[in-house]
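coords please:
(3 chains)
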Amino acid sequence: MKNSGLRHILEARQFTPEFMEKIFAEASSLREEVENGNYHGLFKTARELENRGMFILFYEPSTRTRFSFSDAAQRLGMRVTSTEDAKIFSSVAKGETLEDTIQVLCEYYPDVIVLRHHETGAAMRAAKVSSVPIINAGDGIGEHPTQALLDIYTIQQCLGRIDDINIMMIGDLLNGRTVRSLAYLLAKYKGVKIIFCSPKELGMNQDIISYLQRKEIKVEVLDYFLQDIEDVDVIYQTRIQKERGSEIDDELEKKFALVPEKVKKLNQNAIIMHPLPRNNEISTEIDFNPRARYFRQAGNGMFIRMALLKWMLSPL
Amino acid sequence: MKNSGLRHILEARQFTPEFMEKIFAEASSLREEVENGNYHGLFKTARELENRGMFILFYEPSTRTRFSFSDAAQRLGMRVTSTEDAKIFSSVAKGETLEDTIQVLCEYYPDVIVLRHHETGAAMRAAKVSSVPIINAGDGIGEHPTQALLDIYTIQQCLGRIDDINIMMIGDLLNGRTVRSLAYLLAKYKGVKIIFCSPKELGMNQDIISYLQRKEIKVEVLDYFLQDIEDVDVIYQTRIQKERGSEIDDELEKKFALVPEKVKKLNQNAIIMHPLPRNNEISTEIDFNPRARYFRQAGNGMFIRMALLKWMLSPL
Amino acid sequence: MKNSGLRHILEARQFTPEFMEKIFAEASSLREEVENGNYHGLFKTARELENRGMFILFYEPSTRTRFSFSDAAQRLGMRVTSTEDAKIFSSVAKGETLEDTIQVLCEYYPDVIVLRHHETGAAMRAAKVSSVPIINAGDGIGEHPTQALLDIYTIQQCLGRIDDINIMMIGDLLNGRTVRSLAYLLAKYKGVKIIFCSPKELGMNQDIISYLQRKEIKVEVLDYFLQDIEDVDVIYQTRIQKERGSEIDDELEKKFALVPEKVKKLNQNAIIMHPLPRNNEISTEIDFNPRARYFRQAGNGMFIRMALLKWMLSPL
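A predicted model of the protein is given here:
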């Protein structure tokens, strides 16, 4: 690393439970401030990171992630300059390496670079040559650590705990990077049980299962949608990632979809999560069920990103 | 509607003459401030909407409209995050519905979402699920209400009145959404006469004509360019919308074009408008004629949008 | 010109040595402020151009140039609205001329328009109809004056002088617009010697060579990489512009590449420059050599652009 003192956000595994607890408290305080926002006074945080700048360098489109980073930074008073798709709009077309692009951007003295890239490991490569902190906003089928963080935060926020939960992950566990990252983070907590439900051909990789077992996480692997779900605390539904080659027939897809009759069997306090975007794996009728937390979950992304920025750019 | 108290801007018909009068007065006052801008002092309005945020979600490209919304918001102190073409750059590619996208963006607590979409009725669909005000910045061949407002404002600004005017709308009346919206708004005023001049195959739809007649607007429908134009107060020229399938031969197109010899016949106080962009239907020599107001008309868009934002985001 | 009193930046030739000296001093002072930035106080310059607005209108992608203009403006407190590729995202698709687009944007009262365009001469055409200053950020194979300025500034900054230097320009001298603009600017200084090294088919055009000779600049033209380089002060390496049709075989390309063994022959104070992006014409090992100044050179772009904005928008 060029500067090992930098506070990069590169992979979910780097977060300790203590760190997460701090970030979650900050995120909750930021949410409270925004929800109760008195626009006629000044937000406490509105100028906290004034005179700081963010570059958003996306080689792959993502409106959701880009909007939340951009607004998070501006809410703290930061300057933001952004590209929607650097693969087209850049020197990449002229054969420039990611390393050179990062080194040039660093010469403009940003305070943080948010990078999304189609190649696994890109964020790590960027961090190696960067003189400013890098935030990995998704690299190929690799990591998307701020997404993992907002997932855990949503569980904590809705259930009041992360220890001692039963979580059922459903759908495309093979190509969904969010379920992998979330599993890694859950392994840092106690009394967690994970039930993986997916069509056989889209099952969770053995590397994660072995990792979880070493960490003494209870794991169950099913190739059908579990019917007996009254002890489940969290349903984590995912989309079949057709753009990454996942393929199953419609009949099978329906069997793993969440529909109102399945939701009825959940206990009152259980919550339903989804990293979004969704297709048909959660029917829209469920949106009105109080257990549905996937929109709130997405919204948590902005508060988590604000909290991370405050931590990254505060004095060491 | 999720929240019927929200001040959405969805269709031109929603504006009353009283409302328009208020917005026009505000727009004129904003223009005066900007034109006389003393940059060394602070603009009165520069922080009026500080701590408020706008999301600009465009599924169809439009530099002109996007620039004016973005700058209007920033001039009032707002944060802006924007996408140039969400059809490419977003979860849409992964099959997300407009409704889901809007619900996620709302969770980031913007104060307003500006939406442009290729499907007619999209803005109304967005408003149904949105917890924040939606501005329709054009939906397919449907509405573009802020454009209609700036058109009426330009007439008021240049002629000093909207009642008792003769307006001639020329060109592609079939596929131009601006002429439709403008006709709806003009029907709210008294003593208005509208002359529709277009090739037969691009004529104004009967629904509008019947509507105008019910509202006691005088209507004349011609399939040639009226020569006797000395009583006309407003020439509203439009482009043949080839990208929407409008097709006429070059000879016919020329007959409906505005050229200097036709302009000479106009009275001194008449004005020439065009929603822009233009192709050849107004020759560039006319740009120097004092009657030409189409660039000013476009510029009015920014002031109208500033005035609307102030109204939308002020306390109910 | 619509307004001959406007401070456009259109071509490198417009800069006098006196002007450049002033801009360079300002750029250095801005760099010092940013490098030593105490974020807890307010930057001296952070609100110097508050209430001013920049429109960035790019018809050709360029992340590097766009980011540095956008951040330069925001660092001075300006509003920025930007398009990444107006060729797709705009009324151009509907047949609008550059002149009309500029005239509409001017009606939104920006304080400056930064234009990048694929057609040579576009910036001059824009300036002819604009009521606000235009900055040419590259027009086809024409000019890119702020790039030329940052090149000269880098020489001044690293060597302490521009007079009496030996500079060797290497690579694609036929299609590289930066070497042309730089040569024009160097002709304004004394005691300069330029050595052009390129494959025969990619040699510097005779128009520049004649111009330099008229200005009494010493010129040497070589079709090989000069070995005896101990008197050279500046190596200015360039990329083979394959996208503009430049074509040479790999063997020949290698002969003109800069590799560590060639760098060893340079004197201690010599510097290595490159307009970037690079392909293989400078091997990455050289990045760690203290003579390598190409990343610093790119970074100078932001400070030069800040200094130009301050000059353009200060009272006449």
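
ok, the residue of the stretch 51-200 of chain A found nearest chain C - contacts?
Among all residues of the stretch 51-200 of chain A, A:Glu107 sits closest to chain C, at 2.6 Å; criterion: C-beta to the nearest C-beta. Where C-beta positions appear, they are placed from N, C-alpha and C, glycine not excepted. Residues near A:Glu107 by C-beta atoms under 8 Å, 6 or more residues apart in numbering or on different chains: C:295-296, C:298-299, C:302.

Mind doing that once more with 6 Å?
By C-beta atoms under 6 Å, 6 or more residues apart in numbering or on different chains, the residues touching A:Glu107 are C:295, C:298-299.

Would you mind putting those residues into CSV with pLDDT, secondary structure and distance to C:Ile194 alongside?
Listed next are the contacts of A:Glu107 as CSV, based on pLDDT from 0 to 100; DSSP: H, G, I helix; E, B strand; the rest coil; distance: C-beta to C-beta, whole Å:
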residue, pLDDT, secondary structure, distance to C:Ile194
C:Phe295, 98, helix, 24
C:Ala298, 97, helix, 22
C:Gly299, 97, helix, 25
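
Please list which of those residues are also close to chain A.
Of the residues in the contacts of A:Glu107, proximity to chain A by C-beta under 6 Å from any C-beta of the partner chain holds for C:295, C:298-299.

ok, the residue of the stretch 151-300 of chain A found nearest chain B - how many residues close by?
Residue nearest to chain B within the stretch 151-300 of chain A: A:Gly299 (2.6 Å; C-beta to the nearest C-beta). Close neighbours of A:Gly299, defined as other C-beta atoms under 10 Å in any protein chain shown, add up to 23.

residues in contact with it?
B:Glu107.

try 8 Å this time
B:104, B:106-109.

of all these, which comes closest to chain A?
Taking C-beta to the nearest C-beta as the measure, chain A sits nearest to B:Glu107 out of the contacts of A:Gly299, at 2.6 Å.

Need the per-residue pLDDT for the residue of the stretch 201-316 of chain A found nearest chain C.
In the stretch 201-316 of chain A, the residue found nearest to chain C is A:Leu313; the distance is 8.2 Å by C-beta to the nearest C-beta. Note on A:Leu313: pLDDT of 91.

That one touches A:Asn51, doesn't it?
No. Look at A:Leu313 against A:Asn51 with C-beta atoms under 8 Å: they stay out of range, at 10.5 Å.

Can you give me the neighbour number for A:Leu49?
A:Leu49 is flanked by 26 other residues according to other C-beta under 10 Å.

Skip the chain neighbours and tell me the closest residue to it.
With sequence-adjacent residues excluded and distances taken as C-beta to C-beta, 6 or more residues apart in numbering or on different chains, A:Leu49 is closest to A:Leu76, at 4.0 Å.

check contacts around that neighbour.
Neighbour list for A:Leu76: A:45-49, A:52, A:306, A:309-310 [criterion: C-beta under 8 Å, 6+ apart].

mind redoing it with 10 Å?
By C-beta atoms under 10 Å, 6 or more residues apart in numbering or on different chains, the contact set of A:Leu76 is A:30, A:43, A:45-50, A:52, A:54, A:305-306, A:309-310, A:313.

Phi and psi next, for it.
Main-chain torsions, A:Leu76, degrees, to the nearest 10: phi -90, psi 0.

For A:Arg278, see how far away it is.
According to C-beta to C-beta, to the nearest Å, A:Leu76 and A:Arg278 sit 30 Å apart.

swap in A:Met78?
31 Å.

quick one, strands of the stretch 151-300 of chain A?
Remark: strands assigned in the stretch 151-300 of chain A by DSSP state E, counting those that start in this stretch are A:166-170, A:193-197, A:218-222, A:234-237, A:271-273.

wait, does the first one make contact with chain B?
No. Taking C-beta under 10 Å from any C-beta of the partner chain as the criterion, strand A:166-170 and chain B are apart, separated by no less than 17.7 Å.

Pull up the pairing partners for that strand, direction included.
In the sheet containing strand A:166-170, its partner strands are strand A:193-197 (parallel), strand A:234-237 (parallel), by DSSP bridges.

now the ones you listed as a markdown table including mean neighbour count?
Formatted as a markdown table, these follow (neighbours: other C-beta atoms under 10 Å in any protein chain shown):
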| stretch | mean neighbour count |
| --- | --- |
| strand A:193-197 | 22 |
| strand A:234-237 | 26 |
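
need these in TSV with mean pLDDT, can you?
What follows is the strands paired with strand A:166-170, written out as TSV (pLDDT from 0 to 100):
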stretch	mean pLDDT
strand A:193-197	97
strand A:234-237	98
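
Between those strands, which one is closest to A:Asp139.
Checking the strands paired with strand A:166-170 against A:Asp139 by C-beta to C-beta gives strand A:234-237 as the closest, at 21.6 Å.

coming back round to it: dump the strands paired with strand A:166-170 to a markdown table, plus distance to B:Arg66.
What follows is those, written out as a markdown table (distance: least, C-beta to C-beta, whole Å):
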| stretch | distance to B:Arg66 |
| --- | --- |
| strand A:193-197 | 44 |
| strand A:234-237 | 35 |
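
Which of these sits closest to B:Ile155?
Ranking those by proximity to B:Ile155 (C-beta to C-beta) places strand A:234-237 first, at 53.8 Å.

Relative to C:Glu84, which of the contacts of A:Glu107 is nearest.
Nearest to C:Glu84 among these: C:Ala298, at 19.3 Å, using C-beta to C-beta.

From C:Leu10, how far off is the residue nearest the centre of chain A?
Residue closest to the average C-alpha location in chain A (C-alpha atoms, centre = their mean): A:Gln147, at 0.7 Å. Distance of A:Gln147 to C:Leu10, given as C-beta to C-beta: 46 Å.

rewinding a little: around the residue of the stretch 201-316 of chain A closest to chain C, count how many other residues there are.
The tally of other residues near A:Leu313 (other C-beta under 10 Å) stands at 20.

One more: A:Pro315?
5.

Likewise for A:Asn136?
A:Asn136: 25 neighbours (other C-beta under 10 Å).

cool, and A:Asp249?
Burial measure for A:Asp249: 8 neighbouring residues, criterion other C-beta under 10 Å.

In contact with it, which residues?
A:Pro199.

so where do the helices sit in the stretch 101-250 of chain A?
Here the stretch 101-250 of chain A has its helices, by DSSP state H, counting those that start in this stretch, at A:122-129, A:145-159, A:177-186, A:206-214, A:250-255.

export these to TSV and tack on distance to chain B and mean pLDDT?
Shown next, in TSV, are those (distance: least, C-beta to the nearest C-beta, whole Å; pLDDT from 0 to 100):
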stretch	distance to chain B	mean pLDDT
helix A:122-129	19	97
helix A:145-159	11	97
helix A:177-186	13	92
helix A:206-214	23	95
helix A:250-255	13	89
